[in-house]
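*Asks:* Fold the following.
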Amino acid sequence: MTDKSTAWRNWAGNVTARPARSLAPASAEELARIVAAAAEDGQTVKPVGTGHSFTATAATDGVLIRPERLTGIREIDRAAGTVTVGAGTPLKQLSQALAAEGLSLTNMGDIMEQTVAGATSTGTHGTGRDSASIAAQITALELVTADGSLLRCSEKENSQVFAAARVGLGALGVVTSITFAVEPVFLLTAREEPMRFDRVTAEFGQLVAENEHFEFYWFPHTAHCNTKRNNRSAGPAAPLSRVKGWIDDELLSNVVFQAACSVGRAVPGAIPGIARISSRAISARTYTDIPYKVFTSPRRVRFIEMEYAVPREAAVDALRELKAMVDRSDLRVGFPVEVRVAPADDIALSTASGRESAYIAVHMYQGTPHQAYFTAVERIMTAHGGRPHWGKLHSRDAEYLAGVYPRFGEFTALRDRLDPQRVFGNAYLRRVLGD
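*Replies:* Here you go, the predicted structure:
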């Protein structure tokens, strides 16, 4: 165990905390002793990952649990098709290790810097017609509860806790290890091409139905989008060349985009023109590679984000309302709007719990005023029964959330049983879950 008491801040820099203690336990047993001692002393305990949440879900003035010593693959069970991994393992490390073993997760989000526990606990997802979020791929997990107990949870063991803790917000305990379903590594062919907003929205249902993984980005202040369709392929592999990949995913998507964002922050009036140039500069490309190299890409331009899950059937109406709102306003939005989909799942606080969902994510460059834009977008999304991503900015409270999550009461009742003294509580959880 190592002890540091320095200030903590998240990746975007919009959340800071100064914990009384910052500890990095090397085992579940050591963590259990820390939690039990903190509870006895009346201190709160919060685990933190790599800080990729934009909300204060991990903030604490008590004991901060750092994940860097709870890492690595613990077991690969090829017969069962599972991998068990330490909770602090970054998704990038897991993906590379699985690929070396000829294995892969079925679906992923678009970045892989997060820890596995941080990503799943906040409901991180990618896009998929049939394959769901990372949390939905969990088959078992290990959890330290408020009294220092170590619970092993699956559909067969502590099943009620398992049903909720896959997306647990850090409210039920500290996850120490996770078992994921995996499959033999496969190839995905990615087809990326520009498309006009009116066509994407008119054909949205068809594009989702015809592709295993469909997503698109709309460039505000324009009528242009960039679409991406990922489908399994028999091969052969045809990855992007090193030069092409660097130009598209590093030079243009990070270096040039960073410069454009900086100009837009300094001169907001330039943003519509930059957006028009950027959206027209996109060209089609096709490549085939292993999953994590297709699903994910480097994100070095820092931003803040809000994302809502709406019922799939409401997605097009919500998008059209968002575009109309931006078009008639004096807002200047320099980041594309991202749209993805997910099938319904059975996790109590998953944003796709019980309904096929579409995700609409809005971003603003770090240091740029965002409140007016996010407030206007949130008004549209909540009118469609939207559920905010737990790790991204929103203003919703427990009263609202209880109305859009049918199993909300099931989760809070379990929290009352496992953590009646709110050892794992903080201000964010009080807002979204209630006292």
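
*Asks:* C-alpha from now on. contacts and neighbour counts both.
*Replies:* Noted.

*Asks:* most centrally placed residue in this structure?
*Replies:* Nearest to the mean C-alpha position of the chain, by CA atoms, centre = their mean, lies T124 at 2.8 Å.

*Asks:* how about it, secondary structure?
*Replies:* coil (DSSP: H, G, I helix; E, B strand; the rest coil).

*Asks:* ok, now how distant is it from S131?
*Replies:* 13 Å (CA to CA, to the nearest Å).

*Asks:* Buried residues, stretch 245-253. List them.
*Replies:* E250, L252, S253 (16 or more other CA atoms under 10 Å).

*Asks:* Check stretch 90-108 too.
*Replies:* Buried residues in stretch 90-108 (16+ other CA under 10 Å): 90-95, 98-99, 103-108.

*Asks:* likewise stretch 186-198?
*Replies:* Result for stretch 186-198 [16+ other CA under 10 Å]: buried residues F186, L187, L188, T189, A190, R191, E192, E193, P194, M195, F197.

*Asks:* I figured G81 hits T179, correct?
*Replies:* No: counting by CA atoms under 8 Å, G81 does not reach T179; the two are 10.0 Å apart.

*Asks:* who has more neighbours, those two?
*Replies:* Ranked by neighbour count (other CA atoms under 10 Å), G81 and T179 place T179 first, with 24 against 13.

*Asks:* Quick check: bridge partners of the more buried one?
*Replies:* T179 forms beta bridges with T84, A140, as assigned by DSSP bridges.

*Asks:* who's in contact with it?
*Replies:* T82, V83, T84, V85, I138, T139, A140, L141 (CA atoms under 8 Å, 6 or more residues apart in numbering).

*Asks:* Same list, the buried residues of stretch 245-253, but as CSV with secondary structure and distance to R33 please.
*Replies:* Formatted as CSV, the buried residues of stretch 245-253 follow (DSSP: H, G, I helix; E, B strand; the rest coil; distance: CA to CA, whole Å):
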residue, secondary structure, distance to R33
E250, helix, 44
L252, helix, 48
S253, helix, 45
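
*Asks:* just the buried residues of stretch 186-198 now: which is nearest I76?
*Replies:* Among the buried residues of stretch 186-198, F186 lies closest to I76 (CA to CA), at 17.6 Å.

*Asks:* buried set for the strand or helix carrying V432?
*Replies:* Using DSSP states H and E, V432 sits within helix 427-433. By neighbour count on 16+ other CA under 10 Å, the buried set for helix 427-433 is Y428, L429, V432, L433.

*Asks:* Over to stretch 328-337?
*Replies:* L331, R332, V333, G334, F335, P336, V337.

*Asks:* Give me the distance between it and the centre of its chain.
*Replies:* Centroid separation between stretch 328-337 and its chain, computed with CA atoms, centre = their mean, to the nearest Å, is 23 Å.

*Asks:* ends of it, how far apart?
*Replies:* By CA to CA, the extent of stretch 328-337 from end to end equals 17 Å.

*Asks:* mind listing what the closest residue to L169 other than its chain neighbours touches?
*Replies:* Closest residue to L169 apart from its sequence neighbours, by CA to CA, 6 or more residues apart in numbering: S121 at 5.0 Å. Contacts for S121 (CA under 8 Å, 6+ apart) come out as A135, A165, R166, V167, G168, L169, G170.

*Asks:* Let me see the ranges of the helices in the stretch 201-350 of the chain.
*Replies:* 204-210, 242-245, 257-266, 271-280, 291-295, 315-328 (DSSP state H, counting those that start in this stretch).

*Asks:* Report the rounded mean pLDDT for the second one.
*Replies:* Mean pLDDT, taken over the full extent of helix 242-245, equals 82.

*Asks:* do the first one as well
*Replies:* Averaged across helix 204-210, pLDDT comes to 98.

*Asks:* repeat for the third one
*Replies:* For helix 257-266, the per-residue pLDDT values average out at 90.
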